[in-house]
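>>> Below is the sequence, then the predicted model.
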Amino acid sequence: MKKILILLLLSMYIIGCSNIYVGRDERGNILAEVYESPERVIDEYYRAIKRGDEKFLNELFVVDPQIDLQKPLPEIQYKIRGRRIITANEAWQRNQTSSSNKLQEGDFEVVVEEILSKTSEEITFILRRIDNRWKIYSHSLGYYI
């Protein structure tokens, strides 16, 4: 009985330590659920950073940003501080002062507090729904909090 219990616990540990859930199916394709909401995309973004999974991270964007992680950052923490849909009027106003990343009505803004090495930084993500999938359209570093 002890041997069975030890084997069971050992197998649970091995399964828990392996990267079973990385947002991909058995063929390596990103699961559709990853794109079901802007918040889910942000969660997957930080999971990929923690794992050091550059390929997966870059696939979360509308246009591949060519993010080059130097190493996994398992210690990174984040908190979603705000979320809202961009209105047509706001998109028009913001596009008057921005030369890149033109906003559209229905884009989704998520404000995140990112914490790394006791340093807190505010990051704003703009997500856009394309072909029924939310993807990161742009993100910008804010000020240090």
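It's in.
>>> what's the residue positioned nearest the centre of the chain in contact with, if anything?
The chain has residue 45 as the residue nearest its centroid, 2.0 Å off, counting by Cα atoms, centre = their mean. The neighbourhood of residue 45, defined by Cβ atoms under 8 Å, 6 or more residues apart in numbering, consists of 57, 60, 125, 136. Backbone N, C-alpha and C define where each C-beta goes, glycine included.
>>> Next, give me the two most distant ones among the residues you listed.
Using Cβ to Cβ, the pair of those lying farthest apart is 57 and 125, separated by 12.8 Å.
>>> Touching stretch 107-116 from outside, list them.
With Cβ under 8 Å, 6+ apart, stretch 107-116 has contacts from 38-39, 42, 73, 75-86, 91, 120-129, 134, 137, 142, 145.
>>> how distant is that stretch from the center of its chain?
Centroid separation between stretch 107-116 and its chain, computed with Cα atoms, centre = their mean, to the nearest Å, is 10 Å.
>>> Equivalent analysis for stretch 83-96, please.
On Cα atoms, centre = their mean, the centre of stretch 83-96 falls 22 Å from that of its chain.
>>> tell me the mean pLDDT for that stretch?
When pLDDT is averaged along stretch 83-96, the result is 93.
>>> name the element the closest residue to residue 37 other than its chain neighbours belongs to?
Sequence neighbours aside, residue 134 is the residue nearest to residue 37 in space, at 6.3 Å (criterion: Cβ to Cβ, 6 or more residues apart in numbering). Per DSSP states H and E: residue 134 is located in strand 133-144.
>>> tell me which residues in stretch 98-116 are buried?
Neighbour-count burial for stretch 98-116 flags 101, 103, 107-110, 112-114 (criterion: 16 or more other Cβ atoms under 10 Å).
>>> now do stretch 49-63
Buried, per 16+ other Cβ under 10 Å, within stretch 49-63: 49, 51, 53, 56-62.
>>> Nearest to residue 97 among those residues?
The closest of these, once distances to residue 97 are taken by Cβ to Cβ, is residue 62, at 21.2 Å.
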